[in-house]
Structures are given as structure tokens and as C-alpha cells.
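S.K.: the following block contains a protein sequence and its predicted model.
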Amino acid sequence: MQEHDGTGRVKLSFRSLETDGSVSSERVITVPTGVSAFDAASWNGIAIDSTCGGYGTCKKCKIQVTSGDVPPAKLDSRAFTQEEIAKGWRLACLVRTVTDVSIDVPPLTTRPKAATVGVGRQVILRPAVQKRYVELPEPTLHDQRTDIVRLLDAIEDIEATVSLDSMRNLPRVLRAADFKVTAVFIDQALIDVEPGDTTAVRYGVAYDLGTTTVVATLLDLNTGVPLAVKSMLNKQQPFGADVITRISATMMDPTALDRLRSLAQATLAELTKEVCEEAGINPLHVYEVALAGNATMTQLVLGIDPEPLGVAPFIMASADYPDVEAIELGISIHPRAKAVILPSLGAYVGGDIVAGALASGMDRDKRLRLFIDVGTNCEIILGNGEKILATAAPAGPAFEAASIKCGVRAASGAIETVKIVDGNLVIGTIEDTPAIGICGSGLVDACAVLVQLGLLDHSGRFVTAEIAAEISPLLAPRLLEREGERVFVLTWGANVGDPSDAVFLTQRDVRELQFAKAAIATGWALLLEEFDVEERDIQQVLLAGSFGSYLSPASAIKIGLVPKLSVLRIVSAGNVAGEGAKMVLLSAQERHGASALLEEIDYVELSDRADFNDKFVTRLSFPS
Ligand code: FES
């Protein structure tokens, strides 16, 4: 046996066994001390029997410790004989080691209750919301235990805490239900007692509170299955498109904070109502919600003055908010429901990014991976499971198409793809409706195509009409002069040849995109330098966020937004912020994982780097 080395990590050597006793696989895993063997195994895809998801109630997670010091837990004596305990048999979810251990895992006899969430993450279902159905003996003159003692005596596996609020209806509910009731807990706290057996109904809502769009997902906490998903524009939009304009509003108008808070809450309330209606469930059965938002959105929805977030040195009111009641978010669900607010790493790497890092497994995947959430403020994470660096790059509004002449939001009619087929320009619009403008992914595609054709040179200038006619006679007529500026027409309006009602790209639009992509590329280039690795060492690039997910990986490489790697290594990660919020609802353990990320990620500040500008300038051009 080897004592752990003082770094706060221990080695767990797992051998998974077949029914005939042969070894099917072996893994050595290093985890922080105190992580249960069950969690260590489930995080690393080693299947251990369980139907309770690691709560110590099913007694199915049997393992045999073959070397290392693991004193038996109290509950082990209920699952094993003394002889078995002496031979090292333990319940895996109760094994918390401070020394290196070797463990044999018997073959599965049941399917573990798990859900796939985020970027291929298997999450063992262990919600903080727990229900226990009990049938209690009625009180008699010989059994005068109080109602609460009678209830809690019947629930062995939860050491409950009880609030006055949760006790108020207890006498009435117990008697009306003939002492057959379901106790509802969040973590250890009793929040309600419901008549009859309601264990089948247990729901949560995960929110991705974006500056532009807000998404709500209703989850069945018994199965991990999403029952309804709805999204809508953040009702704060009239205050401006980005976080800075909303922070400024609170600085200029003392009533703005209250109004912004109410609008964010109204957005969440409406979405909550919609998801519950769509799934046909009673909102009173929603006991917990989780919210992932950037630091400004988080502070605004909680009614916290955001001013220090908007000015140097950019300070948050708090990185995390441990005990928030859902009622604080203005939503109508169970009156004692809780809200988990994903913690933020810094003013510009918020809870949405911590959620994204969690859902992408940035803290446990051993490959060197680059995570880029493309947006006005672009968050970048580089990590290999051992070391994780993060930064934020001010990309500006080009990707939201806000500063683009014919730019529109990514909605019906926006040009989202641009390709060349047989020398002709082929555009694709959202919902295949007539083009009304161009959105971020269309802008990236258009520039990538024009660079590839040679109509844009590597410095980002449109070539002359003569050169255009030479290299692309079919497309050269689209390169025009309009109001003193060179433009490239993507789609004509009523009159071909007349750019007045066409959708086009201007020289200035190209410059805007160059500034945005150079800011991002400088961000990841500096992180690579800090990490002391090269571009080619990156094994996977995850493009996250509502914009990143729609971006063509090939175009992103062509314009130099991401490192020049095989296109297969560039992966769209989807709405990972929302996925992270789902994970913390499905697993209390993942919630701790989100908090642990704050310790594990090192933030690299770019704004005071002397070499930022030089690197930025060299990254402005398009790669050859
Ligand atoms: S996982 Fe159920 S008792 Fe350990």
C-alpha cells in the first residue's frame, strides 16, 4: 500500500471482472482524495451496479478492495457478512479513500441509471431532489411520537433537516392521507410532504440565460429525459444587444436594475410555464431549477448591481450563490424549490462557460482540447484534464452580425451558408426563405469562399475588377462599387446588376470579421504559449455556443478563426451551457464538479499582455 503523496490525489486501480472471474479490463484513475470509488468509476466509464445512483440506499454497488486501507462504513454491515467485509467487500459509493487502492468490480447485474448529457458525458442519475414514499403507523396513546419524528424515523437513509415552512402542513397532510405520504427532500432538507405516492413525479428546469436568447429545458429527474425545450429572446433586449449596454443602463438610470431584473425574470417565468404546459405537468412538481448565464446576466436576474463588472478591474459581486430559492428568480413552481446558479470564474468567464466546461468534460478528458464559445465576448479554454487555462477575448459584434451592413439575426431568411458549386455561388438561408440579410455563420462562410477563390486577398482586400474577371469570370460581376465602397453581392434583389436592394458584403464587413477572428485567434495563441504546446498538439477543438454550433468547421479553419487542423478535429459542441445546467440537476455530484472547476481553471488575463497587439496584428490576415 502506498500513502497518497500529499497532492490531494489518490490512485484507484480498477479491474472489471467477467462472470467466470476473468479480467475484462483494467484502469488506473487518479482522483482527488475523498471522491468515492463509485464516482471515480462512473466519471471514467467503469460500470458498477447501482439503482440509487450512489446514494447508499440500493446496496448494489458491491466491489472488492484487494489492496489499500478502506475501513468499512456503517452501512457495509447491512450489505455484507463480517467474513465478506474481512475479505475487502465494500459498497463503492461509501468508499472514500485517502490512500491508493486496488479494486475488483464484479460484472453488472442491473443497468445503471444514467443519462447522456453534454459532449458524450454519461451522468449517473443522482438528483439532489429525492422522494421517499412511506406508510406510517398511526399515533396511539402508546406511541405519541411527534409527526415529524414519526415521518423521519421511517426514512433511514436521509439525515433530514426540517424548516418551519415545510412543517406547516404536515399534521393536516398526514391525517388526510391516512399517514401514507411522500416526503420530498432537496439534498438533506425536507421541503414538503405530499399525500400518497408521488415518487413518479420529480421534475427540474435547466435555463441557459443568454444575453440574446434564453432556453429552458424541462427534465424528468427520474429518468434524465428532457420532456420539453423552449427558447425565446431575452426580454431585456430593448436595453441593448450586449452586456455593456445593459450595465451602462443601470449606471445611468437608478430604476434600470429593477426593470432589467423583472424582464429577465419574466422571460424565465414565461418559458417555465410553456415547458410545463407542453409536457402536461403540474409546475408544483418542479422542485429544482439550474441557471447558467454569463456573470452580468446572473447578477441582473438576481438583482445585484452589475456596475463593477463593466469597468476595470472587472469585479463580480460573488463567484457563486450557494442558497438561492427559485422564488428569487420570479418563477411559479414549487414554493420551496431551490435554484442552482452555476458559478462564474470571472467577470468575462461566467456560469455559462463553467457549465460548458463541465458538459464538455474539460476537467477529465486527457486529450489536449480547445473550447471556443464564439460570441461578442469570446471565451476560450485550453486543457488536458490536468491543467486548464481560460481567457476571454473581446471579439465584438461581427459574429452576431450587428456591425455588418446587411447583417441580421440568425432567424428566418438569414443567409447562413455560402458555397461554390461548379463555379456558381450557392447560398442557403434559414428555413429556406428568401434572403433578407446575412448572419454570423453566413459571414464566415462568405469570407472563406472569397478567400479560397482569390476574390479576397490574404490581407482581406477585394481584388481589382480586372483580376476578378480573370480568376472568376462567373462571379466577377458581383464585385461592385456601392456608395463609394467595394461590395460583393451575395443575392440580387428585383434587378440583377443593381446592388441597391441586394444582400451584399462590404469591404468594411470583411474588416469587422478580421478584427473579430484575430481577437479570438490571439486568445487561443496566447493560451497555447502559456501551456507550452503547439497548434498541432491540439486533439480536438470544440465550437460552442449558439453561434459556434452553426459555424462551418472548414470555413472557420480557412479564415484562421481556429487552428489549422484536420477538419475532423473541429467539433460543434452545441448548447453546452444548457447541457451543464441539466447535468447539475441530474447529479448533485456534478454540481460539486462545477464548483471544483473554479479551483481547477486558471484565468489568463489578456488585456495587460504587452504582446497582445503584435500578435493581434499578425492574425488579422487570412491564412494562406
Ligand atoms: S450505489 Fe446504491 S448503495 Fe451504492
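M.R.: Everything's here; your move.

S.K.: and the residue of the stretch 451-600 of the chain found nearest the ligand, how many residues sit next to it?
M.R.: As assessed by CB to the nearest ligand atom, the ligand sits closest to Gln589 within the stretch 451-600 of the chain, at 11.6 Å. In this view, the C-beta of every residue, glycine as well, is placed from N, C-alpha and C. Using other CB atoms under 10 Å, Gln589 has 21 neighbouring residues.

S.K.: which outside residues touch the host helix or strand of it?
M.R.: Using DSSP states H and E, the element containing Gln589 is helix 588-600. For helix 588-600, the surrounding residues in contact (CB atoms under 8 Å, 6 or more residues apart in numbering) are 32, 39, 54, 123-124, 126-128, 187, 319-320, 340, 342-343, 345, 354-355, 357-358, 362-363, 388, 580, 583-584.

S.K.: sorry, back to before: state the distance from the residue of the stretch 451-600 of the chain closest to the ligand to Ala73.
M.R.: 17 Å (CB to CB, to the nearest Å).

S.K.: cool, and Lys87?
M.R.: In terms of CB to CB, Lys87 sits 16 Å off from Ala73.

S.K.: when these two are compared, which one has more neighbours?
M.R.: Higher neighbour count among Lys87 and Ala73: Ala73, with 17 against 12, using other CB under 10 Å.

S.K.: okay, domains of this structure per the record?
M.R.: 9-112, 129-195, 204-341, 359-394+513-618, 399-507 (automatic domain parsing).

S.K.: make CSV out of these and add mean pLDDT and distance to Val349.
M.R.: Below are the domains of the chain laid out as CSV (pLDDT from 0 to 100; distance: least, CB to CB, whole Å):
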stretch, mean pLDDT, distance to Val349
domain 9-112, 84, 22
domain 129-195, 95, 27
domain 204-341, 94, 8
domain 359-394+513-618, 91, 5
domain 399-507, 90, 18
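
S.K.: for Val119, find the nearest of those domains.
M.R.: Set against Val119 and scored by CB to CB, the domains of the chain come closest in domain 359-394+513-618, at 4.7 Å.

S.K.: how about the residues of this structure by the ligand?
M.R.: Within reach of the ligand by CB under 6 Å from any ligand atom, the chain has these residues: 38, 50, 52, 54-61, 91-93.

S.K.: take those and keep only those in strands.
M.R.: Of the residues of the chain next to the ligand, the ones assigned to strands by DSSP state E are Leu91.

S.K.: closest to Gly240 among the residues of the chain next to the ligand?
M.R.: Gly54 (44.8 Å).

S.K.: doesn't Asp39 make contact with that closest one?
M.R.: Yes. With contact defined as CB atoms under 8 Å, Gly54 counts as touching Asp39 (6.6 Å).

S.K.: which neighbours do those two share?
M.R.: 93, 124, 589.

S.K.: redo those residues as JSON lines? Include distance to Val193.
M.R.: JSON lines is the format used below for these (distance: CB to CB, whole Å):
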{"residue": "Cys93", "distance to Val193": "27"}
{"residue": "Ile124", "distance to Val193": "27"}
{"residue": "Gln589", "distance to Val193": "26"}
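
S.K.: for the ligand, what's its nearest residue on the stretch 351-500 of the chain.
M.R.: At 20.0 Å from the ligand, Arg364 is the closest residue in the stretch 351-500 of the chain, using CB to the nearest ligand atom.

S.K.: that residue: neighbouring residues, count only.
M.R.: So Arg364, with other CB under 10 Å, has 16 neighbours.

S.K.: could you do Arg15 as well?
M.R.: Neighbours of Arg15 (other CB under 10 Å): 16.

S.K.: secondary structure element for it?
M.R.: strand 9-17.

S.K.: can you spell out which helices and strands pack onto that strand?
M.R.: strand 23-32, helix 37-43, strand 101-105 (3 or more CB pairs under 8 Å, 6 or more residues apart in numbering; DSSP states H and E).

S.K.: coming back round to it: just the buried residues out of the residues of the chain next to the ligand, in PyMOL syntax.
M.R.: Buried residues within these, by 16 or more other CB atoms under 10 Å, are selected in PyMOL with:
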select buried, resi 38+50+52+54+55+56+57+58+59+60+61+91+92+93
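
S.K.: if we can go back for a sec, of the contacts of helix 588-600, buried ones?
M.R.: Using 16+ other CB under 10 Å as the threshold, 39, 54, 123-124, 126-128, 320, 340, 342-343, 345, 354-355, 357-358, 362-363, 388, 580, 583-584 are the buried ones among the contacts of helix 588-600.

S.K.: in helices only, show me the residues you listed.
M.R.: 39, 354-355, 357-358, 580, 583-584 (DSSP state H).

S.K.: may I see these organised as CSV, with distance to Thr146 added?
M.R.: Output for those, formatted as CSV (distance: CB to CB, whole Å):
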residue, distance to Thr146
Asp39, 36
Val354, 43
Ala355, 42
Ala357, 46
Leu358, 42
Gly580, 41
Met583, 38
Val584, 35
